[in-house]
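Give me coordinates for this.
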Amino acid sequence: QVQLVESGGGLVQPGGSLRLSCAASGSFVSINTMGWYRQAAPGKQRELVAVIKSDGSTNYDYFVKDRFTISRDDAKNTVYMQMNSLTPEDTAVYYCYVEVTTGTKGWTRFKKDAWGQGTLVTVSS
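Prediction:
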């Protein structure tokens, strides 16, 4: 079982900044990938915003790569996303995502995905 606790969402004016945090806990050997997805409205597809792997490599959505920065603190099992220069188009529910290794057997690694409950980010004047 993996639990994710998100924080940092809220209302911000256009041009403002927010920092999202997501702490993972539970039963796992290691955290492989951590990241953030967002869903702009019910029924719309959940889209990748940014992910960071255990080696520190990152991948961003094209429209946020110059404004958002993802980072992780493995000692705290926490992923962060600093969001700057926010626009109304960034309004969405942001979901934390992790892929963890729950165990190994020989060369086989057992993996599991987990999602946070979502935190609402509203960008409006």
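
contacting residues for the closest residue to S30 other than its chain neighbours?
Counting by Cβ to Cβ, 6 or more residues apart in numbering, S30 lies nearest to T101, which is 4.9 Å off, once chain neighbours are set aside. For glycine as for every other residue, the C-beta is placed from the backbone atoms N, C-alpha and C. T101 is in contact with 28-32, 109-111, counting by Cβ atoms under 8 Å, 6 or more residues apart in numbering.

From T78, how far off is T101?
Here T101 is placed at a distance of 17 Å from T78 (Cβ to Cβ, to the nearest Å).

The residue most central in space within the chain: which element?
Relative to the mean C-alpha position of the chain, the nearest C-alpha, by Cα atoms, centre = their mean, is the one of W36, at 2.4 Å. Using DSSP states H and E, W36 maps to strand 30-39.

low-scoring stretches of the chain, by residue?
Of all residues in the chain, none has pLDDT under 70.

for this structure, which strand is longest?
The strand that spans the most residues within the chain, counting by DSSP state E, is strand 92-105.

any idea how far R19 is from the residue sitting furthest away from the middle of the chain?
Most distant from the centre of the chain: G106, at 30.6 Å, with distances by Cα atoms, centre = their mean. As defined by Cβ to Cβ, G106 lies at a distance of 41 Å from R19.

where along the protein do the strands fall?
2-7, 10-12, 18-26, 30-39, 47-52, 58-60, 68-73, 78-83, 92-105, 108-115, 119-123.

neighbouring strands for the fifth one, and are they parallel or not?
In this case it means strand 47-52. strand 30-39 (antiparallel), strand 58-60 (antiparallel) (DSSP bridges).
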